Structures are given as C-alpha cells and as structure tokens.
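**Q** here's my sequence, what's the structure:
(one chain, ligands or ions: 1)
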Amino acid sequence: MTEPVLEIEDLTITYRTEEGEGDVHAVTDASFSIDENEYFGLVGESGCGKSTIAKSIIGGLDENGEITSGTIKIHGEEVQDYSEAEFNGSVRWEEVALIPQASMNSLDPLTRVSDQAVQIAQAHTSMTETEVLDHFEELFEVVGLPESRIHDYPHQFSGGMQQRALIAMSLLLKPSLIIADEPTTALDVIMQDQILKHLNELRDDWDISMLLITHDISVVFENCQSIAVMHGGQVAETGETVDIFLEPRHPYTILLQQAFPDIRDPDSELSVIEGTPPQLRAAVDHCTFADRCPWSVEECRAGAPPQESVEDDPTHRVACIRSSEMTELAADELQKRERYRSERRDEHPTTPQGTNEGEP
Ligand SMILES: Nc1ncnc2c1ncn2[C@@H]1O[C@H](COP(=O)(O)OP(=O)(O)OP(=O)(O)O)[C@@H](O)[C@H]1O
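**A** Residues are numbered from 1 along each chain as shown. Alright, predicted model coming up:
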C-alpha cells in the first residue's frame, strides 16, 4: 500500500496569550490521514481548530502558536519540527499548497497575478518566465478563466475569479495536496457551486489530494471521500464519508447533520446545536462536547474520550464513550438517515461521495 500523502497523529497545538488569560488549547490529540487522490473534509464550527491544523501543515502557525506534541507526516516524512527554510525549500507550493481562508486578501493587490505566479515558480524551480507564463495560462483554462486575463491585477477580478486565480496558482508546482480553507464561504451560491465543480474536476485530471475545510458538513458529504469532524479542538469522529453519513456515531456529528440542509430532503427542518463552542483556555481533559450533548453523562467530563474504531471498521473512529449506544440513543435524529437509506436501495442516487453502489 502506498504511504498516505498526509498523516496527522496526536497533534496538539497551543497559542500563548497575554499573561493571566490562559493559553488557547486550539487542537488536542488530533489524528487523521489523507491518501493519494483522496478528497478529505475537515468540518466543524468556527473556532474548533480547523485553520490551526491547516497552517501547521505548511509551517505557517501564527508567531504565538506552537505544536506541543504529535506528528505531521507528508509522504511519510515528519515535518512538524522543520525550520522556516525547510518548509519553504521542500513543502510549501511543491508538496502542499494552501488556499487560505479570506484568500481574496492573500493576493498582493499591487502585483499582477502573472508576476505573483512567476515569483512563486522561480523561488522553487528553474523554470524561465516564459515557461511559467505558458503554464499559468494553461492553468487559467483549467479553472475556467480566460487565459488573456493572467496579467490582470487582483482588483480587476470579481471575488469568484480571484478564488479561481488562487486555485490556478496553487496548482502551479503540481503539489500532492491542496488545502482549501473555506474556499466558498465569501461567495454567492452560484459561484460556490462553480468553485466546488472546478475543485472536483482536479481530482480526475490532476491526481491530487485535497483537504477541504468547511463548517458546512453537507459540502463535505457532496465532495469528499473521507471526513474528520472536529469539536473544541478534538477530532470527534473520522472515517469514510459514506459511513459517517449513514451511521454517524458521535453526538456532535449527528446534530451537525441536522443543522445543514440535505439536498435530498431540502424541506426537512433544520435544528440548531444548543450552547456555544468551548473557550479552550485550559488543557482539554474531558469531552469538549459534553456541555452541549443531550446524551452526556458524568463520565464524559472525567477524561478525554479515546478515539476508538467502530466495531469491525478500523477506518471509522469515534471519540465518544457512548458511541456504541448512539444509534439507539439518537434514534429520532437518525430516522432521517434510515429513510434515505431505504429510498437509496430503490433509486441508487449518486451522492454523497461513495454511496452510488451497493451498501456501505
Ligand atoms: N494567533 C492566535 N492566538 C490566540 N488564539 C488563537 C490564534 N489563532 C487562533 N486562535 C484561537 O484558536 C482556536 C482555533 O482557531 P481556528 O482559527 O483554528 O478555528 P477554525 O475552526 O478554523 O475557525 P474559523 O472557521 O472561524 O476560522 C480559536 O479559539 C481561536 O480563537
């Protein structure tokens, strides 16, 4: 079996803050991995640690952020202790390209996008300017932009076009992994669809892996083969999308599914997850969802729940001490999934990712 493109194991990341406020324990013992050519969704509410993980993969944590334990492997090579020079030399752009959140602001407004592409390519390769520009024109075509626009300044593009120019730039050195952090959040619905369509097309044509970060679990269900659901800095549940869509075992995943519209059942009532995400001002030694969970018991606050496999499926892992009871406990919430599952037997719909053939 080939090595995963990205393997994150027991990753813990802390931000130092002003004295007295307490450090922010942004990520605690997070583990997941992404295979070659796999699209992987990292999902959870604002502040749960998604962008922190994304930045740590390319050595781009804010000054006050620190990986305090755990490992990040890219093609089997540990990178968590790499220096800035090592990240620049062999990881950023070449192995992993990050399309950051608020990426509209990440293009230099005073430099033509073509010049920005040339700067990136020439910092990492021996390509001539003409070679870079020819290649960049091809990439503009890949993302549905007219190649004649490569010499424009960022402000000459609409928000959706800027996002596409960034996707083109991320492909410049053909990295193994693209991290797209909330790539569609600032866009209107039509543009969101187009961007996701372009990102999806890359899967077939570019042999690339994608870490798609979003707060919208339905976007992950539609676009990714695997998923990790985060809450309060912890990975609550991870596995193949089809398994987690049809048989979620963590209370947070179950409730998150009810909070976003399901394209198969657009009229279904959406629910709100009660409570607010935790502040993470102390080391996490309990289930961070316990205070918001309708099924929590005292034991949930007694220690951080270990991530364990669901029955005989080693790829589906859940950090909930009640996961084996969840199907029963959340029967009402899960009824909708059951209905879909039986309809699917008759209709064989093509979504979510991986549910188009047979039983999961
Ligand atoms: N430089 C920083 N210093 C202190 N705390 C930070 C810093 N950056 C992020 N945080 C905190 O770390 C936690 C995780 O933030 P992060 O941005 O990773 O979450 P997220 O899931 O990506 O949320 P969002 O979707 O809103 O960006 C939050 O509590 C956030 O306030």
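**Q** can you show me the strands along the stretch 201-350 of the chain?
**A** 209-214, 226-231, 234-240, 308-310, 313-318 (DSSP state E, counting those that start in this stretch).
**Q** run the chain-centre distance for the longest one.
**A** Translated: strand 234-240. Relative to its chain's centre, strand 234-240 lies at 12 Å (Cα atoms, centre = their mean, to the nearest Å).
**Q** circling back: got CSV for the strands of the stretch 201-350 of the chain, with mean neighbour count and mean pLDDT too?
**A** (C-beta placed from N, C-alpha, C; glycine too.) Shown next, in CSV, are those (neighbours: other Cβ atoms under 10 Å; pLDDT from 0 to 100):
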stretch, mean neighbour count, mean pLDDT
strand 209-214, 25, 94
strand 226-231, 26, 96
strand 234-240, 26, 96
strand 308-310, 16, 93
strand 313-318, 18, 93
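**Q** tell me the residues on the protein that lie near the ligand, please.
**A** Counting by Cβ under 6 Å from any ligand atom, the residues of the chain lying close to the ligand are 15, 17, 24, 26, 44, 46-52, 62, 64-65, 101, 215, 280.
**Q** 8 Å instead, please
**A** Within reach of the ligand by Cβ under 8 Å from any ligand atom, the chain has these residues: 15-17, 24, 26-27, 44-55, 61-65, 101, 181-182, 213, 215, 230, 233, 277, 279-280.
**Q** and residue 282, how many neighbours does it have?
**A** Neighbours of residue 282 under the rule other Cβ atoms under 10 Å: 12.
**Q** could you pull up the residues touching it?
**A** Neighbouring residues of residue 282 by Cβ atoms under 8 Å, 6 or more residues apart in numbering: 22, 25.
**Q** what does residue 124 give?
**A** Contacts for residue 124 (Cβ under 8 Å, 6+ apart) come out as 93, 94, 173.
**Q** just residue 326 next, same as before
**A** By Cβ under 8 Å, 6+ apart, residue 326 lies in contact with 248, 249, 250, 251, 254, 295, 320.
**Q** now residue 203: how far from residue 130?
**A** To residue 130, residue 203 is 30 Å away according to Cβ to Cβ, to the nearest Å.
**Q** ok so, going back, using ChimeraX, define a selection of the buried residues within the residues of the chain next to the ligand.
**A** Selection of the buried residues among the residues of the chain next to the ligand in ChimeraX, burial being defined by 16 or more other Cβ atoms under 10 Å:
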select :15,24,26,27,44,45,47,48,49,50,51,52,53,54,55,61,65,101,181,182,213,215,230,233,277,280
